[in-house]
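Colleague: Using only what follows, build the 3D model:
(2 chains)
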Amino acid sequence: MTELARKICMLGDFGVGKTSLVARFVRNTFSEKYLTTVGVKVDSRVVDLAGGDRMKFVVWDIAGKAVLDSLNQNYLRGASGLILVADGTREASLRAALNLLMQARDVLDNPACVLFVNKLDLVERWEVAPETLAEMRHSLPVFETSALSGDGVEAGFGELATRLHA
Amino acid sequence: MSEFPQAVENYLSQALRDRAHPLLLSFDAQWQLTEVSGAAGYHGLEQGGPAELVQQLQDLFLGLPLDQTQDLPFVELSDGRHAHVHLVPDANDTFHLLLLDASEEHERTQSQQQLGNQAVLAGLEKSRTLARLRQIKSELEQQRARLEEANALKNALFATLSHEFRTPLTSIFGYLHLLERGGGEGGRAQALQALRRNASHLFALAENLLEYGRSEAGETLLDAAELPLATLVDDLDAMFRPLAAEKGLALVIEAGEAPPATALFDQIKIRQVAINLLSNALRYTPKGYVRGQLGWDGALLRLEVSDTGLGIDAASRARVFKAFNRGAQHGGRGAGLGLSIVKRLVERMGGEIELDSAPGLGSTFRIALPALGATGLPALPQEQRRRGLDALIVDDDPDVAALLEVLLGDLGATTRVASTAAAALAEVGQRAPDLVLVDVELPGLSGNAAVFQLRSQGYKGGIVTVSANATEEARRAALAAGADHYLTKPLDFAQFARVVQSLGERAAPP
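Modeller: This next block holds a predicted model:
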């Protein structure tokens, strides 16, 4: 059994739920209170992989921005995987996530990526249409997630682990 | 630039140390801690030891080169405090990590950033709320227009009815007066004939009004039973023959093959359809004939009523099935409800109606009705029955799920049941059904979330969302998530059947 460690960065506009998703994944907790992230918080969790291997996810929760500034570019260095996060109730945040992905690809060499479209528990207020996500699935794995309920979170991180392990 | 005097340098150094509480951790090339210096106590290292902090820093620099200067501002440490973390490489692959406390600075920056972000989010919410209010206003205006139209229709109905009731009643009272006065046998027979004709007219008018009222109050299940075709045709013949004779019209009402005992129909509604069509035909045919045929063609019950009457021009043919449009046929009398009721009844029974007509050349109405299921829902067409429509019911209430299973079974569908959104996604993942019926109020994620995920994962089958929430907003949310139809509880079974059939047709191969 081997344990691999990989740096993962959460990328997305502010208020989309990056910190809450990390809290759900690492500690299985959720807080209703919105607290803007400034700088970076690094958390980790070991996940089991198929074949008995294990992978340590070192997750960088970075301050939310719609564009990748030089500071965030600096934070990205050394990352193997990206979790792009959008808020289903704000269509603009989906465009921001895709924009961030394009910018991140200038900094990182072919990172593994998954897209989380968060706040599935508020689906009645979503601006993002199902057809849009159906189309996006052709180019990257998409997970509708709810940090509040936990839906989609494990599956999304699991998919990233699989892609990193491949 | 000249250097500061030593006293100032000392002061500056002390001031920075007081504010930043610098902590220096020195490592060899294998991340072994070789020395700790600076504000170890401030950073809590004297109690717990540095192991946890070292692990966190090791995670922080995962993938980063250790032989280059690094500056990572505002790193949250495991004790909740924040520090600017600097990596300073040294000789022989050793390096130092310098932590400068940034908790106060972080707090200030965070609070400013939070205010800014919240203002943006509040602005978004405000524009959404305004858009919602605009939408509600527009819906209210549309509703008001509909109510005004309904009110105008109601007034038109009263005005028409007043006339329509008075005319036969005037005749009835007139002939009753003549009968009371006495008279010859011929006059008596004529009076009784006129009484029967006017009473029949009032009866048909009252029946149509009742049916119209029922449609306003919502629909009920159909009354499925074996159809005594010959008896029905005899009754119709007896009802209309005197009127045809009086107008000098030839009347032929033919009974075709009777449907098999297993094919069930709602006799009352078929009778009502036939009465309206025959009564209209006789009313608008000044000379010639009226012909009716009712029979089973092996798959469908067919009713055809043709006449040599005034006919209907192309422009009026579309309007003729709408309520209060009797003007479509020149010189017409009646409340203008008959054909609208015929169309509605035929559709409720899952059938179809066609009209061939031209001014001066008479009209032919053709109706085709499928047999009903035992619960009074129109059965699926043979092709869909043969294929076996596959439906997934997503409902956590076992009673409701069981009821839907019975209703869908009656429509010829096979069913599966899932009680949560996640279970529904798994079921569809295993085998995609033709149709998904989903309750909005599920434990955990809502039915809308399940529908959204199904659609975003490419599910193309029919989806019907069911909810107790009858608001327009709830309907809109369900449709936006990807549902084809939104039905409210308690279920209108006839509407349910129509929706299932329409989606079944979509699922059927061409």
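Colleague: moving C-terminal of the host helix or strand of B:Leu278, what's the next helix or strand?
Modeller: Mapping B:Leu278 onto the secondary structure by DSSP states H and E places it in helix B:267-283. Using DSSP H and E, the helix or strand that directly follows helix B:267-283 along the chain is strand B:289-296.
Colleague: And the average pLDDT for that following strand is what?
Modeller: Averaging the model's pLDDT scores along strand B:289-296 yields 95.
Colleague: List the neighbouring strands of it plus their orientation.
Modeller: Paired neighbours of strand B:289-296 in the sheet (DSSP bridges): strand B:250-255 (parallel), strand B:301-307 (antiparallel).
Colleague: between it and helix B:267-283, how big is the angle?
Modeller: 160 degrees (axes from the mean of the first three to the mean of the last three CA atoms, to 10 degrees).
Colleague: returning to what we had before: highest mean neighbour count out of the strands paired with strand B:289-296?
Modeller: The highest mean neighbour count among those belongs to strand B:301-307 (a mean of 22), with neighbours defined as mean count of other CB atoms under 10 Å in any protein chain shown. C-beta coordinates here come from the backbone N, C-alpha and C atoms, glycine included.
Colleague: residues near residue 72, how many?
Modeller: Unless you meant another one, I'm taking chain A. The tally of other residues near A:Asn72 (other CB atoms under 10 Å in any protein chain shown) stands at 21.
Colleague: Not quite, go with chain B.
Modeller: Using other CB under 10 Å, B:Leu72 has 22 neighbouring residues.
Colleague: And B:Leu437, by the same measure?
Modeller: Applying the criterion other CB under 10 Å, we find 32 residues in the vicinity of B:Leu437.
Colleague: same question, A:Gly51
Modeller: Using other CB under 10 Å, the number of residues around A:Gly51 comes to 8.
Colleague: ok but it is inside a helix, no?
Modeller: Yes - when DSSP: H, G, I helix; E, B strand; the rest coil is applied, A:Gly51 is found to be in a helix.
Colleague: tell me the pLDDT at it?
Modeller: At A:Gly51, the pLDDT value in this model is 82.
Colleague: what do you get for A:Gln73?
Modeller: Among the per-residue scores, A:Gln73 holds a pLDDT of 85.
Colleague: Now do the closest residue to it other than its chain neighbours against chain B, distance only.
Modeller: Here the nearest residue to A:Gln73 in space, its sequence neighbours aside, is A:Val107; by CB to CB, 6 or more residues apart in numbering or on different chains that works out to 5.2 Å. To chain B, A:Val107 is 12 Å away according to CB to the nearest CB, to the nearest Å.
Colleague: re earlier: mind putting the strands paired with strand B:289-296 into JSON lines with mean pLDDT?
Modeller: Listed next are the strands paired with strand B:289-296 as JSON lines, based on pLDDT from 0 to 100:
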{"stretch": "strand B:250-255", "mean pLDDT": "94"}
{"stretch": "strand B:301-307", "mean pLDDT": "95"}
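Colleague: circling back: dump the residue contacts of the residue nearest to A:Gln73.
Modeller: By CB atoms under 8 Å, 6 or more residues apart in numbering or on different chains, the contact set of A:Val107 is A:Leu68, A:Gln73, A:Leu76, A:Arg77.
Colleague: which phi and psi does it have?
Modeller: Dihedral angles of A:Val107 (phi, psi; degrees, to the nearest 10) stand at phi -90, psi -40.
Colleague: in the stretch 151-300 of chain B, which spans are strands?
Modeller: Taking DSSP state E, counting those that start in this stretch as the criterion, the stretch 151-300 of chain B contains strands spanning B:225-226, B:250-255, B:264-265, B:289-296.
Colleague: Bridge partners for residue 82, pull those for me.
Modeller: Just going to use chain A. Beta-bridge partners for A:Leu82, by DSSP bridges, are A:Cys9, A:Cys113.
Colleague: meant chain B actually
Modeller: With DSSP bridges applied, B:His82 shows beta-bridge pairing to B:Glu76.
Colleague: what do you get for B:His485?
Modeller: Following DSSP bridges, B:His485 is listed with bridge partners B:Val464.
Colleague: Helix, strand or coil: sort out A:Lys7 for me.
Modeller: Under the three-state scheme (three-state DSSP), the conformation of A:Lys7 reads as strand.
Colleague: Report the contact partners of it.
Modeller: Contacts for A:Lys7 (CB under 8 Å, 6+ apart) come out as A:Val58, A:Trp60, A:Gly78, A:Ala79, A:Ser80, A:Gly81, B:Leu62, B:Gly63.
Colleague: To what extent is the nearest residue to B:Asn280 once chain neighbours are set aside buried, counted in neighbours?
Modeller: If the residues on either side of it in the chain are set aside, B:Asn280 comes closest to B:Gly338, at 5.6 Å by CB to CB, 6+ apart. One way to gauge burial is a neighbour count; for B:Gly338, by other CB under 10 Å, it gives 27.
Colleague: B:Gly338: what's it in contact with?
Modeller: By CB under 8 Å, 6+ apart, the contact list for B:Gly338 reads B:Ala204, B:Asn208, B:Asn276, B:Ser279, B:Asn280.
Colleague: Next, format the residues you listed as a markdown table and append neighbour count, pLDDT and distance to B:Val451.
Modeller: What follows is those, written out as a markdown table (neighbours: other CB atoms under 10 Å in any protein chain shown; pLDDT from 0 to 100; distance: CB to CB, whole Å):
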| residue | neighbour count | pLDDT | distance to B:Val451 |
| --- | --- | --- | --- |
| B:Ala204 | 20 | 74 | 46 |
| B:Asn208 | 23 | 73 | 40 |
| B:Asn276 | 25 | 85 | 41 |
| B:Ser279 | 22 | 85 | 47 |
| B:Asn280 | 25 | 85 | 45 |
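Colleague: Out of those, which is nearest to B:Gln55?
Modeller: Distances from B:Gln55 to the contacts of B:Gly338, taken as CB to CB, are shortest for B:Asn208 (83.9 Å).
Colleague: returning to what we had before: and which of the contacts of B:Gly338 is nearest chain A?
Modeller: Proximity to chain A was ranked across these by CB to the nearest CB; first place goes to B:Asn208, at 42.1 Å.
Colleague: how close does the closest one get to B:Val290?
Modeller: From B:Asn208 across to B:Val290, the span is 19 Å (CB to CB, to the nearest Å).
Colleague: Run through the neighbouring helices and strands of the strand or helix carrying B:Asp399.
Modeller: When secondary structure is defined using DSSP H and E, the element that contains B:Asp399 is helix B:398-410. With contacts defined as 3 or more CB pairs under 8 Å, 6 or more residues apart in numbering or on different chains; DSSP states H and E, the secondary structure elements packing on helix B:398-410 are strand B:389-394, strand B:413-418, strand B:435-439, helix B:493-507.
Colleague: Okay, buried residues for the worst-scoring helix or strand of chain A on mean pLDDT please.
Modeller: Using mean pLDDT, DSSP states H and E, helix A:70-76 stands out as the lowest-scoring helix or strand of chain A, at a mean of 85. Of the residues in helix A:70-76, those scored as buried under the neighbour-count criterion (16 or more other CB atoms under 10 Å in any protein chain shown) are A:Leu71, A:Asn72, A:Tyr75, A:Leu76.
Colleague: restrict the residues you listed to those near chain B?
Modeller: Near chain B, taking CB under 8 Å from any CB of the partner chain as the test, the members of these found are A:Leu71, A:Tyr75.
Colleague: any idea which of the buried residues of helix A:70-76 is closest to B:Leu345?
Modeller: Proximity of the buried residues of helix A:70-76 to B:Leu345 (CB to CB) peaks at A:Asn72, which lies at 66.9 Å.
Colleague: Tell me the confidence at A:Val123?
Modeller: The pLDDT attached to A:Val123 in the predicted structure is 96.
Colleague: One more: B:Phe324?
Modeller: 63.
Colleague: just to revisit the earlier point, CSV please, covering the contacts of A:Val107 and showing distance to B:Gln113.
Modeller: Formatted as CSV, the entries for these read as follows, by distance: CB to CB, whole Å:
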residue, distance to B:Gln113
A:Leu68, 17
A:Gln73, 19
A:Leu76, 20
A:Arg77, 23
